[in-house]
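Chemist: here is my input; please provide its structure:
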Amino acid sequence: MIRHLPNALTVMRIIGSLSLLFAEPLSGMFLTIYTLCGATDVLDGYIARKTNSASEAGASLDSVADVFFIGVLLLVFLPLLQLSAWIICWIAGIAVIRTASLLTGWVRYRALAFIHTYANKATGLLLFCFPFLYTLLGLAVTASLLCFAASLSALEELAINCRSQELNRDTRYFQWKR
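Modeler: The predicted structure follows:
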């Protein structure tokens with residue numbers, strides 16, 4: 001039973017992410033669901049590692065849940081925020097790099113090649129902190145921090161997918177080899 005808990009938590013994150021579409025942005029309900037989504041993101045991998053139940057399928061499901069979470073956040077926040085054209089272009093550029101990385105991974109490995117790097121984890125943490133950082137730092141600073149981190153992680157993931165001989169989702173960082 002415990003072996004299935006990490007994947008159940010990941011599925012709960014997908015359901016929670018989708019339910020954010022129906023909650024008032026930044027309301028108490030929204031922030032509660034949002035925080036639960038973040039907790040399941042941390043717990044699923046932790047429990048999988050501690051119970052030796054980590055799997056390729058679980059890693060893929062985790063990445064799909066991350067895509068749902070990020071996609072929903074974009075759908076919720078982009079219409080509410082009055083983003084400058086440069087931020088919109090930066091977000092679009094990140095999306096292009098991520099798509100190129102996924103296509104590269106698909107061509108090379110015949111799989112969705114989401115890589116769990118430290119940069120991706122840091123970007124995920126910053127993204128999770130978005131509502132709180134937005135309140136403290138304002139939109140321009142928060143968006144710049146997020147876009148910078150997301151750009152670095154997207155470029156790193158693309159480089160890993162271009163250079164690695166085999167898919168290793170748990171590559172922690174890009175290593176330059178001579």
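Chemist: from Gly28, how far off is the most centrally placed residue in the chain?
Modeler: What sits nearest the mean C-alpha location of the chain, by Cα atoms, centre = their mean, is Asp66, with 4.3 Å. Counting by Cβ to Cβ, to the nearest Å, the separation of Asp66 from Gly28 is 24 Å. C-beta: built from backbone N, CA, C; applies to glycine.
Chemist: quick check: domain ranges of this protein?
Modeler: With domains defined by automatic domain parsing, the chain comprises 1-68, 81-178.
Chemist: so for Leu75, which of the ones you listed sits nearest?
Modeler: Comparison of the domains of the chain against Leu75 by Cβ to Cβ identifies domain 1-68 as nearest, at 6.7 Å.
Chemist: end-to-end on that closest one?
Modeler: The straight-line separation of the ends of domain 1-68 (Cα to Cα, to the nearest Å) is 26 Å.
Chemist: so where's this structure shaky on pLDDT?
Modeler: Filtered on pLDDT under 70, the chain yields the residue ranges 174-178.
Chemist: would you quantify the distance from Phe130 to Val76?
Modeler: Taken as Cβ to Cβ, the span from Phe130 to Val76 is 11 Å.
Chemist: of these two, which one has the most company?
Modeler: Val76 (19 against 16; other Cβ atoms under 10 Å).
Chemist: tell me the contacts of that one?
Modeler: Residues in contact with Val76 (Cβ atoms under 8 Å, 6 or more residues apart in numbering) are 20-21, 25.
Chemist: list the buried residues in the helix or strand encompassing Trp106.
Modeler: Per DSSP states H and E: Trp106 is located in helix 85-109. Of all the residues in helix 85-109, those buried under the rule 16 or more other Cβ atoms under 10 Å are 87, 90-91, 94, 97-98, 100-102, 104-105, 108.
Chemist: likewise for stretch 59-71?
Modeler: Buried positions in stretch 59-71, judged by neighbour count with 16+ other Cβ under 10 Å: 59-70.
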